[in-house]
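**Q** A structural model of the following input is requested.
(one chain, ligands or ions: 1)
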Amino acid sequence: MKEAQQDYRAVFISDTHLGFKGAQADHLAHFLESHHSDQLYLVGDIVDGWRMHRKVYWPRMHTLVIQNLLAKSNNGTKVHYVAGNHDEMFRGWADFGFSLGNIALYNETEYYGIDGKRYLVIHGDLFDDLMRSKRGRRLMSLGTRMYDVLLSLDSNVNQVLSLFNIPRQSIAGFAKRRTKAAVGYMLKYEGLLSEHARANQYDGVICGHIHTPEIKDIGETRYMNCGDWVENCSALVEHHDGTWELLKWRTGG
Ligand SMILES: [Mn+2]
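**A** Next up is the predicted model:
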């Protein structure tokens, strides 16, 4: 029997990193199949071109996710793709107003909520201090490799833990949240993005990039981060009554 579908006005997901081993594509495919929305915003780093540059990794489940996205766009969901830094190959196309079939491409766009607010929709990497300098980008690339190692350790550890019925622990997430520097880095990112949105007469910003799902007000600016599908399996949804919610999809696991 087919399960009942949830229905939302809009769904925002980011940082699915398809093409990367750490992507939780099975959960994502399941999430996509379980709901309908009028609008679907893909807020960057959907396909991970950086990692595929080194070695192509593309399991069947990642194709299923793409098929689900295309099926949605053929079945009446308006799909918007905002390019991120890992899928920056789309940025040039977006500049020229190209689309992927029914899927519109952007570098940034805007969204009008039922709450009467106007939101800037942007991946957000341009407001990441580390991404702004050459040295920072080198560090990020090193960081990406270390993160991959941490993640593969993480899933091994989790396999062991699951044998003993111990709930899933996320070492990569733990390591990231632990350090004071990481907290300062995230606060700076959130602050810069919301300042930018405010300076451009937006009431809020919808973003991704730092893999930390969040809905909060920074001053008068609403800050909403979709999170990611590597660690959190999170989606930002707008209900038909105008309320916003962060869904955490990981079931069981
Ligand atoms: Mn990113």
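
**Q** what secondary structure does Arg9 sit in?
**A** With DSSP: H, G, I helix; E, B strand; the rest coil as the basis, Arg9 sits in strand.

**Q** Is it correct that it is in contact with His36?
**A** No - counting by CB atoms under 8 Å, Arg9 does not reach His36; the two are 10.4 Å apart. Where you see a C-beta, it was placed from the backbone N, CA and C, and this is true even at glycine.

**Q** shaky segments in the stretch 1-150 of the chain?
**A** Filtered on pLDDT under 70, the stretch 1-150 of the chain yields the residue ranges 1-4, 131-150.

**Q** Could I get the full set of helices for it?
**A** Using DSSP state H, counting those that start in this stretch, the helices found in the stretch 1-150 of the chain span residues 25-34, 49-54, 60-74, 89-95, 129-132, 134-163.

**Q** Up against the ion, what does the stretch 151-253 of the chain have?
**A** Applying CB under 5 Å from the ion, we find that the stretch 151-253 of the chain lies next to the ion at His209.

**Q** can you tell me the residue of the stretch 151-253 of the chain closest to the ion?
**A** His209 (3.9 Å; CB to the ion).

**Q** Next, count neighbours for that residue.
**A** Using other CB atoms under 10 Å, the number of residues around His209 comes to 26.

**Q** That one against His123, yeah?
**A** Yes - between His209 and His123 a contact is recorded at 5.5 Å, counting by CB under 8 Å.

**Q** shared neighbours of the two, anything?
**A** 14, 44-45, 84-85 (CB atoms under 8 Å, 6 or more residues apart in numbering).

**Q** Noted, bye for now.
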